[in-house]
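Student: Sequence first, then the predicted structure:
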Amino acid sequence: MSAPSFLVTTPLPEPGMRLLREAGEVVVPAHPPSAEQLLQACASGRHDVVVAQLTDHFDEELLATARIRGVSNYAVGHDNVSVPAATRRGILVGNTPGVLTDATADLALLLILATARRCVEADAFVRAGRFDGWRPELLLGADVSGATLGLAGFGRIARATAERALGFGMDVRYWARRGPVPEAELGALAGRVRHASWDEVVRESDFLSLHVPLSPGTHHLVDAATLRAMKPTACLINTARGPVVDEHALVEALRTGEIAGAGLDVYEREPALADGLAELPNTTLLPHVGSATRSVRARMARLCADNAVAMATGRRPAHLVNPEAWAQAAVTPGTGLPGRG
């Protein structure tokens, strides 16, 4: 049996590349492949597994002709893959959950603090040579201690954000599409956070922080009507996925004072920004760095590579998004490996 082949669309941090090379052939294009190039590579039958980034899209058209065993995403999210289409084809989809929880929760709190205290404006003010001494009303911001934090979603990252916010004296409430989490499952958060309706969370939060996966049901969850329902003193925080927010509506809400500010790490048409967003002084804008610590990115790379090697060698990946595909995958006679289709 020949060694497996891995198509790596963008090189992983170590130890990811080393683990892949130890397991088989690693093919890294000179540049990240275009949609057409990715489709052709997946259909060629030359690669067992694609080690992918969120910027690589695996839609139904691509997956219909793909002759691969799996897609190992270097991310916890997998909205770049049509998981139902992959499952129908017996193509495994892996992700990297858990390891980036704390780093992303740290960043969510950073955006809350930076936006509340107008840190970007203050930094620019000093760098421009405008700071000529302390004044009582210079760059007044919002209080964090005692403020209400509303969380949209209540998965790992949202819960870690809640733990941090409670340490800052915030009143935390959350909305989850599946309803309230049983108190017995909340651990240290039991009795310290409460579930509320979406309308209540939107209406009463001083900071609304988004922690939902991107799906048809969460696309533009925060739209013009939502923004109008928020307090005019409220700030929106997004470390989830850009298209959860209607970015053009957000720009208008920030311009007109419907809300006070926004702290964003993700964007609707990333890396492009909605017209006018970058010029707004009441924003904190980061370049999708929620998991960007050295240790986290290395652990993500290890998980991603481990998933890819398992897929390529006929073993069930530790982090499998679509377990149904494991049962459906064809088996190549005599190898025990899921077939390439």
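Tutor: Yes, it's here.
Student: residues contacting the closest residue to residue 220 other than its chain neighbours?
Tutor: Leaving aside its sequence neighbours, residue 220 sits nearest to residue 246 (Cβ to Cβ, 6 or more residues apart in numbering; 4.6 Å). Glycine gets a C-beta too; all of them are placed from N, C-alpha and C. In this structure, residue 246 makes contact with 220, 222, 223, 224, 268, judged by Cβ atoms under 8 Å, 6 or more residues apart in numbering.
Student: ok, now residue 78?
Tutor: Residue 78 makes contacts with 93, 95, 321, as judged by Cβ under 8 Å, 6+ apart.
Student: Take these and keep only those in strands.
Tutor: In strands, defined here by DSSP state E, the members of these are residue 93.
Student: all strands of the protein, in order?
Tutor: With DSSP E as the criterion, the chain has strands at 5-8, 25-27, 49-52, 70-73, 92-94, 148-152, 171-175, 193-195, 207-210, 235-238, 261-264, 283-285.
Student: Go through the protein and flag its longest helix.
Tutor: The residue-count maximum for a helix in the chain (DSSP state H) belongs to helix 294-312.
Student: that older thread, a markdown table for the contacts of residue 246, including pLDDT, neighbour count and distance to residue 132?
Tutor: Shown next, in a markdown table, are the contacts of residue 246 (pLDDT from 0 to 100; neighbours: other Cβ atoms under 10 Å; distance: Cβ to Cβ, whole Å):
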| residue | pLDDT | neighbour count | distance to residue 132 |
| --- | --- | --- | --- |
| 220 | 98 | 14 | 44 |
| 222 | 98 | 23 | 39 |
| 223 | 98 | 15 | 42 |
| 224 | 98 | 15 | 40 |
| 268 | 98 | 21 | 39 |
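Student: which stretches of the stretch 51-200 of the chain have low pLDDT?
Tutor: For the stretch 51-200 of the chain, not a single residue meets the criterion pLDDT under 70.
Student: Quick one: the helices in it, in order.
Tutor: Along the stretch 51-200 of the chain, counting by DSSP state H, counting those that start in this stretch, helices occupy 60-65, 83-88, 101-116, 119-127, 156-167, 198-204.
Student: right, so of the strands of the chain, which gets closest to residue 84?
Tutor: The minimum distance between residue 84 and the strands of the chain falls on strand 92-94, with 10.4 Å, by Cβ to Cβ.
Student: Hmm, residue 6 and residue 25 touching each other?
Tutor: Yes - between residue 25 and residue 6 there is a contact at 6.9 Å, judged by Cβ atoms under 8 Å.
Student: what comes into contact with stretch 261-280?
Tutor: Contacting residues not belonging to stretch 261-280 are listed as 107, 111-112, 114-116, 118, 235-243, 245-248, 250-251, 254-255, 282-290 [Cβ under 8 Å, 6+ apart].
Student: let's go with 6 Å and repeat that
Tutor: When contacts are defined by Cβ atoms under 6 Å, 6 or more residues apart in numbering, stretch 261-280 is touched by residues 111, 115, 235-239, 241-243, 247-248, 251, 254, 282-286, 288, 290.
Student: So, low pLDDT: which residues of the stretch 201-341 of the chain?
Tutor: By pLDDT under 70, the weakly predicted segments of the stretch 201-341 of the chain are 329-341.
Student: ok, which stretches of it are helices?
Tutor: Counting by DSSP H, counting those that start in this stretch, the segments of the stretch 201-341 of the chain that form helices are 224-229, 247-256, 294-312, 323-328.
Student: which of those is buried the deepest?
Tutor: helix 294-312 (a mean of 23; mean count of other Cβ atoms under 10 Å).
Student: of residue 25 and residue 6, who's got more company?
Tutor: Neighbours per residue, other Cβ atoms under 10 Å: of residue 25 and residue 6, the larger number sits with residue 6, 26 against 15.
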